[in-house]
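>>> The amino acid sequence is not available; the structure is as follows:
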């Protein structure tokens, strides 16, 4: 089985990253494949008609999405490592997609075509050949397609998704700081395993080992994915995409207004104040102070003051993720809320 080999320097420089492009690919693959997981069924039914209509109107789009949804080998012309860590933008990633030549684009699709997925390949009619690959400038057309899919299916929900991804990174960064990389990567994927002091197995398919360059390995969580995949860039540059913890969780429910709280909620207000009680409820899902201010319709200064008090009391904790600080309730904060509403993803 193929493994990723890391030198001590490469391991020390390995890190987590975000990728809007990987989020787009994971979402589209999950949407295009039949038989969604039960917790995705409502989303799948709601979003599938729009995707189907877009693909029916564009043979190139139908062929490409059909292929990447029915292969075990995502083409490297779209599975590209993020370039700017946690600040990676979709525009930057799509610029790398556009730079792929037609010759390299076709070669990558031919490789993907040679690795059909045993479960999904027979369900897609147009992935059996590349007859839909007509004209030229395929990479640019692909970038335009991915941008359109992002706009239609991911962008409206990106703030919530990004919070979920940052929470996963913060969790694994904590494990990394206290227990090392093997613990940080544990349960990342059933197909990825730490197999030695310098090697990660990333799949069950035979293939060549990869040597990670001195810039290190990237690990990229996505919120909607049916598996993991390896992104390959220039020699030595790799990123492992994996499903984030809590990816199956439902979108957060609307936060009840503290002014209408009764029973235990009213007691909580008397204990910590209406504003802080509302903020604790709002942290059902981790968020930045800016996101909390927008959600609660309060000033950033007011939210910051409440967070400082709650943090000093040990009810919330902030974790720096790039330039952002993401706040979440501590176990003490969950106990104070007292209704078991903590995010299920925290339970593994």
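Ah, there it is. Please read these numbers as outputs of a predicted model, since none were measured by experiment. Numbering: from 1, shown residues only.
>>> outside of stretch 144-154, which residues touch it?
By C-beta atoms under 8 Å, 6 or more residues apart in numbering, the surrounding residues in contact with stretch 144-154 are 20-21, 23-25, 27-28, 31, 47, 50-51, 54, 58, 60-61, 64, 78, 90, 94, 97, 161. Any C-beta I mention is one placed from the backbone N, CA and C, and that applies to glycine too.
>>> buried set for that stretch?
145, 146, 147, 149, 150, 153, 154 (16 or more other C-beta atoms under 10 Å).
>>> Compute the distance between residue 214 and residue 202, please.
In this view, residue 214 and residue 202 are 19 Å apart by C-beta to C-beta, to the nearest Å.
>>> of these two, who's got more company?
The residue with more neighbours, out of residue 214 and residue 202, is residue 202; 22 against 11, by other C-beta atoms under 10 Å.
>>> For residue 317, which three-state class applies?
With DSSP: H, G, I helix; E, B strand; the rest coil as the basis, residue 317 sits in strand.
>>> Check the spacing between it and residue 291 real quick.
Residue 317 is 16 Å from residue 291, by C-beta to C-beta.
>>> higher neighbour count, those two?
Per other C-beta under 10 Å, whichever of residue 317 and residue 291 has more neighbours is residue 291, with 20 against 17.
>>> average model confidence for the helix or strand that one falls within?
Taking DSSP states H and E as the definition, residue 291 sits inside helix 289-296. For helix 289-296, mean pLDDT rounds to 82.
>>> before we move on, what about stretch 177-191?
78.
>>> now do stretch 33-44
Here the average pLDDT along stretch 33-44 is 82.
>>> Quick one: distance of it to the chain centre.
17 Å (C-alpha atoms, centre = their mean, to the nearest Å).
>>> buried stuff in it?
Buried residues in stretch 33-44 (16+ other C-beta under 10 Å): 33, 36, 40, 43, 44.
>>> Nearest residue to the second one in space, please, no chain neighbours.
Distances taken as C-beta to C-beta, 6 or more residues apart in numbering put residue 44 closest to residue 36, at 4.0 Å, once the chain neighbours are dropped.
>>> coming back round to it: which members of the contacts of stretch 144-154 occur in helices, if any?
Using DSSP state H, 20-21, 23-25, 27-28, 31, 47, 50-51, 54, 60-61, 64, 90, 94, 97, 161 are the members of these that sit in helices.
>>> re earlier: can I get the buried residues of stretch 144-154 in JSON lines with distance to residue 222?
Output for the buried residues of stretch 144-154, formatted as JSON lines (distance: C-beta to C-beta, whole Å):
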{"residue": "145", "distance to residue 222": "18"}
{"residue": "146", "distance to residue 222": "14"}
{"residue": "147", "distance to residue 222": "17"}
{"residue": "149", "distance to residue 222": "14"}
{"residue": "150", "distance to residue 222": "13"}
{"residue": "153", "distance to residue 222": "13"}
{"residue": "154", "distance to residue 222": "10"}
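>>> from those, which is closest to residue 106?
Closest approach to residue 106 among those (C-beta to C-beta): residue 145, at 16.5 Å.
>>> Let me see the confidence value for the closest one.
For residue 145, pLDDT reads 97.
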